[in-house]
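K.L.:
kindly generate the corresponding structure for this input.
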Amino acid sequence: MPKLSFSHVNSWVFDLDNTLYPPQVRLFDQIEVKMTAFVMTALGVTHAEADRLRHHYWLTHGTTLAGLMREHGVDPGPYLTDVHDISFDQLEPDAHLRAQIAALPGRKIVYTNGCAPYAERVIAARGLAGSFDAVYGVEHAGFLPKPERAAFDAVFAADGLAPESAAMFEDDARNLEAPHQMGLRTVHVAPAPQPAPHIHHHTDDLGGFLARLV
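P.N.:
Okay, the predicted model is just below:
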C-alpha cells in the first residue's frame, strides 16, 4: 500500500465499535441485548418483535435510536445510558495500536454512533486514553446517525476538520459513503473486504495498517 495515498492526510477519524477493538470481542452483542430489552419496555412489545424492530430501525434509520426517536418520540438520554451500561471485561489494552495512532501526523478523533461517555470507557479499556484530540458521539450530531451526511457535516464542522485532508476508519461500509463523497480517504476495517466505489482500502488489522503509513 503506497504511503502516497495518505501523504495529504492530517486528520484521522476513527469509528469506535468493531474498529478500535476486534469484532471477535463481541462487545456489541451486549448492547444489542440491552437495545432489545429497551424496545420491549418502551413500546410494550414481545421480545421477538422488539428484536425485529431493533434490526429494522438499524437498517432503515441508521441506528435503533434514530428509529425510536423518529417513529415513537423516544428520549435519547435514558436510552443511551441504558444500552451502554455493559461490561468491558473482554477488552484488553493494545500497546501496538496505541503506538501506531500516536505516530500519525496531525489531529486524531473518534466519532461513534454511540455516546461519548461510552466511547471514553471503551478507549480507556483499550489502553488508548489520551490518544485522541477529541471524542464525538451521536449527541454531537444532534442525534442524527451515521450514515446520514448531515451527521458527518455537524461533527466535522464542530471539529473544524477539512475533509479533503482527512481519512476515516470504519467497520460499517455504508458509513463510509458520505465521507467518500466529502473527500475523505476511506478505510473499511472488517474481517472480509466489501468492494465498493466509496471504499479506498480494506484491512482486518487496524494497527498493522497504520504501521504501514508512517
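K.L.:
quick check: S87 vs F38, distance?
P.N.:
17 Å (Cβ to Cβ, to the nearest Å). Bear in mind the C-beta positions are built from the backbone N, C-alpha and C, glycine included.
K.L.:
ignore what I typed, I meant P93.
P.N.:
30 Å.
K.L.:
comparing the two, which residue is more hemmed in?
P.N.:
F38 (20 against 13; other Cβ atoms under 10 Å).
K.L.:
name the SS class of W12, please.
P.N.:
With DSSP: H, G, I helix; E, B strand; the rest coil as the basis, W12 sits in strand.
K.L.:
next one: it, what pLDDT does it get?
P.N.:
Per-residue pLDDT puts W12 at 98.
K.L.:
what's the local residue count around S7?
P.N.:
Using other Cβ under 10 Å, S7 has 10 other residues around it.
K.L.:
cool, T203 as well?
P.N.:
If we define neighbours as other Cβ under 10 Å, then T203 has 17 of them.
K.L.:
who's it bridged to?
P.N.:
Beta-bridge partners recorded for T203 (DSSP bridges): V189.
K.L.:
can you start the count at 721 instead of 1 from here on
P.N.:
That works, and once the first residue is 721, the last one we named lands at T923.
K.L.:
does it really touch P911, like I thought?
P.N.:
No - if you go by Cβ atoms under 8 Å, T923 and P911 don't touch, sitting 10.1 Å apart.
K.L.:
averaged pLDDT, the lengthiest helix in the chain. What do you get?
P.N.:
Using DSSP state H to define each element, the chain has its longest helix at helix 747-763. If you average the pLDDT over helix 747-763, you get 96.
K.L.:
just the C-alphas of that helix, formatted as CSV.
P.N.:
Extracted C-alpha coordinates of helix 747-763, given in CSV (Å, rounded to 0.1, in the frame of the first residue of the first chain):
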residue,chain,number,x,y,z
LEU,A,747,-18.8,-6.3,22.8
PHE,A,748,-21.8,-5.1,20.7
ASP,A,749,-23.6,-8.3,21.5
GLN,A,750,-24.2,-7.0,25.0
ILE,A,751,-25.5,-3.7,23.6
GLU,A,752,-27.9,-5.4,21.2
VAL,A,753,-29.4,-7.4,24.2
LYS,A,754,-29.9,-4.1,26.1
MET,A,755,-31.4,-2.5,23.0
THR,A,756,-33.9,-5.2,22.6
ALA,A,757,-34.9,-5.0,26.2
PHE,A,758,-35.3,-1.2,26.0
VAL,A,759,-37.5,-1.6,22.9
MET,A,760,-39.7,-4.2,24.7
THR,A,761,-40.3,-1.8,27.6
ALA,A,762,-40.6,1.4,25.7
LEU,A,763,-43.1,0.0,23.1
